[in-house]
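# how would this look folded up:
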Amino acid sequence: MGDQEPTPPIWLLPEPPERGWGLGRVDIVNAAVRLADHGGAEALTMRAVAKELGASTPMSLYRYVHSKDGLVDLMLDLANGEVRTPEVPGEDWRGELTAVAVDTWTMTKRHPWYARLVHQRPPAGPNASRRTEFVLATFDRLGQDLASALGYARLLDGYVTGQALQWAEERAMWQRNAFVDVVDVQRQARAWFGDVVSEDGPYPLLVRVLESFLSERHDAAGESGAVSADGGGPDVEPDASGRVAGAGKPGARPGAEAAGAGRVAEADRELAGSAQVAGSAQEGSGQAADAHAPADARTVAEAAAEDAQFELGLECLLDGIAARLR
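Sure, this is the predicted structure:
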């Protein structure tokens, strides 16, 4: 295994000019992105991509992408191309770095596989290189030497990618455990923690976090008209006092939705246009137009809270960088 030659970056292996079966490298990459968007990194196989394209065998794809590593190179760079990056740094270095980081974070939520695959291949694609060059140029303009600029760039990239990976893994966990409604979460909490799920127990702050989560899902269920299996109102369970868990609790983050709703709405608009990025392959692929919608019933408020938490961490990171630059 240690003697295996590394696969060279796809950028060193030009696309062959012949297009004998009517498809080329772009078509293959778009199909691979669609598969990974809907099925995760695990769904990405050459056989699955060939089937998506109607190719006779997976071997017919290798002429265009050379290997699965080459395909991943192209997928990562296609995703990086969605991140808006200024041509040159301006006066507002912090605002520009924030915009690039938030745009990258939004991209990773459109493509949850990105964070799992990005460090499996050298970051040599033209779009990734363009973004890295901009970040380095930003710190160079601030008078930092190359080693310091690279350190700051790696720090920012590590934060964004780490948050994206955590988000993707947590999302997969919720789907695996099939937490579909408030009652289900309450039942599981009792099974795991028993009587300690109480503000008088040993984990009062964790209880408040859980109640906040349940309250947000309850509110969203009420707004969407969700009903319980018996045809009644929203599927929630009151406690012994008749109060729905989390209602009116101080940990319910009342401003979370307002803080991030605009960004979530923007992300939703971008998702609606993501077929253009991934190719117009929704047609004939059997995929629903809204297939990017979260399958785990996550609410808009939860998505807004995730964005707000990401931006809080980013702000703290940039505060630290700014302090060192002074």
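# the strands in the stretch 51-200 of the chain, which residues?
For the stretch 51-200 of the chain, no strands are identified by DSSP state E, counting those that start in this stretch.
# Where does pLDDT dip in it?
Applying pLDDT under 70 to the stretch 51-200 of the chain flags the ranges 178-187, 189-200.
# Now for G95: which residues touch it?
Going by Cβ atoms under 8 Å, 6 or more residues apart in numbering, G95 touches no other residue. C-betas here are computed from N, CA, C, even on glycine.
# Packing partners of the helix ranked longest in the chain?
Among the segments of the chain that qualify as a helix by DSSP state H, the longest is helix 146-177. When contacts are defined as 3 or more Cβ pairs under 8 Å, 6 or more residues apart in numbering; DSSP states H and E, helix 146-177 packs onto helix 93-110, helix 114-117, helix 126-141, helix 300-325.
# buried stuff in it?
Neighbour-count burial for helix 146-177, counted by 16 or more other Cβ atoms under 10 Å, picks out 149, 152-153, 156-157, 159-161, 163-165, 167-168, 171, 174-175.
# tell me the two of the residues you listed that are most distant?
By the measure Cβ to Cβ, A149 and Q175 form the most distant pair in the buried residues of helix 146-177, at 39.3 Å.
# can you list the domains in the chain?
When the chain is parsed with automatic domain parsing, its domains come out as 10-79, 177-313.
# rank those by pLDDT, which is bottom?
When the domains of the chain are compared by mean pLDDT, domain 177-313 comes last with a mean of 54.
# V118: neighbour count?
By other Cβ atoms under 10 Å, the residues close to V118 number 20.
# Would you check how far apart it and G70 are?
The gap separating V118 from G70 is 15 Å, by Cβ to Cβ, to the nearest Å.
# ok so, going back, between the longest helix of the chain and helix 300-325, how many degrees?
Orientation check (axes from the mean of the first three to the mean of the last three Cα atoms, to 10 degrees): helix 146-177 against helix 300-325 gives 160 degrees.
# Between helix 126-141 and helix 146-177, find me the angle.
Relative orientation of helix 146-177 versus helix 126-141 (the same axes, to 10 degrees): 130 degrees.
# Hey, what's the angle from helix 146-177 to helix 93-110? Just curious.
30 degrees.
# begin at 19 from here
Noted, 19 is the first residue going forward, which turns the last one into helix 164-195.
# quick check, P220 in a strand?
No: according to DSSP: H, G, I helix; E, B strand; the rest coil, P220 belongs to no strand; its state is coil.
# Could you measure from it over to T122?
As judged by Cβ to Cβ, P220 and T122 stand 39 Å apart.
# Looking at those two, which is more packed in?
Neighbours per residue (other Cβ under 10 Å) separate P220 from T122, with T122 holding more: 23 against 9.
# In contact with the more buried one: list those residues for me.
T122 makes contact with V101, R149, V178 under the criterion Cβ under 8 Å, 6+ apart.
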